[in-house]
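Peer 1: Sequence and predicted model, in that order:
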Amino acid sequence: YLEYLPDPIIPYRGARYYQEVLLEKAPGATLISSDIILPGRVASGEAFAYDVVGVATRGHDLEGRLLFQDVMLLEPGRTGLESAGCLGGYSAVGTLFVLTEAVPVPALVDAMAGSYPTGTETAIGASALPNNCGAVARVLSRSSRGAQDAITATWAAARRLLLGEGLPELRKY
């Protein structure tokens, strides 16, 4: 059982950030991973002032077989991030992957999708990953806090279903 939930990505003015995450899961194991991309250093007037943020996440089994691939490329100066096909008026995006065979995938999708109230501030959707390897939730929010709260709620829902308990006590140094 592994959980990897790093702090959000906060791109600065002119940043060109690329991230590739390879998730390898053994049979019977559970892996939870997330990422959150914020609009930039908003208080410094740098909302969407970065050049590009690219995030690719791939899931493999131990034999190297590709289970799923998720790629996100945000280029605010080149494409309008406010379009319906991109962020649609939201400013922060988060993703939570849960790779597991411990619970039925439809139950996991339902738990993740219902984990946080959807409204005008924050939207969440969940779906099954290919190859019946788990589920993914995507969060869009108008605020950094909303994105982080929604990902945390989704993580908590997955833990309750998988482990029968809530979140651990978090410490930051």
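Peer 2: Received it, and whenever you're ready, just let me know what you need. Numbering: from 1, shown residues only.
Peer 1: So for the strand or helix carrying Ile124, what gets flagged as buried?
Peer 2: Using DSSP states H and E, Ile124 sits in strand 122-128. Buried residues in strand 122-128, counted by 16 or more other C-beta atoms under 10 Å: 122-124, 126. Every residue, glycine included, has its C-beta placed from N, CA and C.
Peer 1: can you check stretch 8-16 too?
Peer 2: Buried residues in stretch 8-16 (16+ other C-beta under 10 Å): 9-11, 15.
Peer 1: Using TSV, please lay out those residues together with distance to Ser144.
Peer 2: Shown next, in TSV, are these (distance: C-beta to C-beta, whole Å):
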residue	distance to Ser144
Ile9	11
Ile10	8
Pro11	12
Ala15	16
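Peer 1: And these, which is closest to Thr57?
Peer 2: Using C-beta to C-beta, Ile9 is the member of those that lies nearest Thr57, at 12.9 Å.
Peer 1: hmm, back to that, redo the buried residues of stretch 8-16 as a markdown table? Include pLDDT and secondary structure.
Peer 2: Converted to a markdown table, the buried residues of stretch 8-16 look like this (pLDDT from 0 to 100; DSSP: H, G, I helix; E, B strand; the rest coil):
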| residue | pLDDT | secondary structure |
| --- | --- | --- |
| Ile9 | 95 | strand |
| Ile10 | 95 | coil |
| Pro11 | 95 | coil |
| Ala15 | 96 | coil |
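Peer 1: Out of the residues you listed, the closest to Met72 would be?
Peer 2: Ile9 (10.8 Å).
Peer 1: Give me the nearest residue to that closest one, chain neighbours excluded.
Peer 2: Of all residues beyond its chain neighbours, the one nearest Ile9 is Ile37 (4.9 Å), with distances taken as C-beta to C-beta, 6 or more residues apart in numbering.
Peer 1: burial measure for that neighbour, as a count.
Peer 2: Around Ile37 there are 23 other residues, counting by other C-beta atoms under 10 Å.
Peer 1: Break down this structure into its helices, ranges please.
Peer 2: Counting by DSSP state H, one finds helices in the chain at the ranges 105-113, 144-163.
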